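*Asks:* pasting the structure only:
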Ligand code: ADP
Ligand code: MG
C-alpha cells in the first residue's frame, strides 16, 4: 500500500509580482515502511515537497493522498487533525520549545489528542524518551542538551503521536558528522522496529547512503528514483521520464 500518493502536483509561490514555480508536475507514490531520502541541491524543492506531504501547505494544482485519503479537499481543521494523528515532523533546527523540558516537548503534540489521558501521555513520553536514549534527561531544557540530544528529543516528539509517517527536513544539517550518523542510525532502527515510514531530505551523500529508497530532485522536478542494493553497497538508479525541462520551459525561465 502507498502511504503517500502524489498526482500531478504543481506548486507556485507568489513573491510580489513574481511567480516562482517550486514544483512542476510531480507524480509519485511512496510505499509504506520505506526509509526514503529526497536529495537535491538547495532550491530544488525538497522543503516544498515535504511541506505538501505534511499537509502544512497545499498544492497549487494536483492531488495528494495520505493513507489513500485525498487531502486536497480537507478543511484546515481536518488537516490539523490528520497531522496530529498521522504525521511526525523533524526539523533541521530541532524546533524545540526552549521553556519546556525534554519530556514536556515530547508531550506537546499529544495535548491535541483528547482521546489520551494524562496518564497515557506520561507513559508515551517515557517510552519514546527511552527509545531515543534520553530517559535520564526528561527534566532537561533544550539549552541543557547537546545538538544531537536535542534532535533525539525532536525525534521522540515526532514519534509520540505514533505517526504512520515521519518527515525530516535536513535532520542532520546542524549536527557534526558523528552525531548526524547516530541520528540516522536511530531513525533507521525505529523504521525497522516500528515500521514507521521515514521521508527525509538531505544534500549529503553520506546521509543518502543510509536510505533504502531515493528520489533525486532538480529545479522542482523529480529527475531519478533509486533503490539501495545493500549487499553491493550501491544504488540502482532509474532516470525519471519526461523530467528534463523542455526548451520552452527554459526560455520562459530565462
Ligand atoms: P530546497 O528545500 O530544496 O532548498 P525549497 O522547497 O525551499 O527548496 O525551495 C524551492 C523554490 O521555491 C526555491 O526557488 C525557493 O526560493 C522557492 N520558495 C520556497 N519557499 C518559498 C516561499 N515561501 N515564497 C517564495 N518562494 C519560495
Ligand atoms: Mg529546504
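*Replies:* Looks like it arrived, so ask away. Quick caveat, the model's predicted, so the values are computed rather than measured. Ligands and ions are numbered 1, 2, ... in the order given.
*Asks:* name the nearest residue to residue 204, ignoring sequence neighbours.
*Replies:* residue 172 (6.9 Å; C-beta to C-beta, 6 or more residues apart in numbering). Using the backbone N, CA and C atoms, a C-beta is placed for each residue, glycine as well.
*Asks:* for that neighbour, phi and psi?
*Replies:* phi -110, psi 0 (degrees, to the nearest 10).
*Asks:* ok, it touching residue 184?
*Replies:* Yes - at 6.5 Å, residue 172 counts as touching residue 184 under the criterion of C-beta atoms under 8 Å.
*Asks:* sorry, back to before: now the residue nearest to residue 204: how far from residue 227?
*Replies:* Residue 172 sits 22 Å away from residue 227, taking C-beta to C-beta, to the nearest Å as the criterion.
*Asks:* count the neighbours of residue 146 for me.
*Replies:* The number of residues packed near residue 146 is 11, by other C-beta atoms under 10 Å.
*Asks:* before we move on, what SS does residue 215 have?
*Replies:* Under DSSP: H, G, I helix; E, B strand; the rest coil, the three-state class of residue 215 is strand.
*Asks:* tell me the spacing between residue 145 and ligand 1.
*Replies:* According to C-beta to the nearest ligand atom, to the nearest Å, residue 145 and ligand 1 sit 26 Å apart.
*Asks:* for the residue nearest to residue 204, what are its contacts?
*Replies:* Neighbouring residues of residue 172 by C-beta atoms under 8 Å, 6 or more residues apart in numbering: 151, 179, 180, 181, 183, 184, 202, 204, 207.
*Asks:* since we're on the second one, how many residues are nearby?
*Replies:* The reference is to residue 179. Neighbours of residue 179 using other C-beta under 10 Å come to 18.
*Asks:* between the contacts of residue 172, which sits nearest ligand 1?
*Replies:* residue 202 (10.1 Å; C-beta to the nearest ligand atom).
*Asks:* list the contacts for that closest one?
*Replies:* Per C-beta under 8 Å, 6+ apart, neighbours of residue 202: 37, 38, 39, 170, 171, 172, 173, 208.
*Asks:* can we see that at 7 Å?
*Replies:* 37, 39, 170, 172, 208 (C-beta atoms under 7 Å, 6 or more residues apart in numbering).
*Asks:* which residues in the stretch 1-150 of the chain form helices?
*Replies:* Taking DSSP state H, counting those that start in this stretch, the helices of the stretch 1-150 of the chain run over residues 46-53, 76-86, 102-107, 118-131, 147-160.
*Asks:* how about the ones you listed in TSV, adding mean neighbour count, distance to ligand 2 and mean pLDDT?
*Replies:* Formatted as TSV, those follow (neighbours: other C-beta atoms under 10 Å; distance: least, C-beta to the ion, whole Å; pLDDT from 0 to 100):
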stretch	mean neighbour count	distance to ligand 2	mean pLDDT
helix 46-53	22	3	97
helix 76-86	14	19	93
helix 102-107	24	23	98
helix 118-131	16	26	96
helix 147-160	24	16	96
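*Asks:* could those be laid out in JSON lines, adding distance to residue 32?
*Replies:* Formatted as JSON lines, those follow (distance: least, C-beta to C-beta, whole Å):
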{"stretch": "helix 46-53", "distance to residue 32": "14"}
{"stretch": "helix 76-86", "distance to residue 32": "12"}
{"stretch": "helix 102-107", "distance to residue 32": "24"}
{"stretch": "helix 118-131", "distance to residue 32": "20"}
{"stretch": "helix 147-160", "distance to residue 32": "16"}
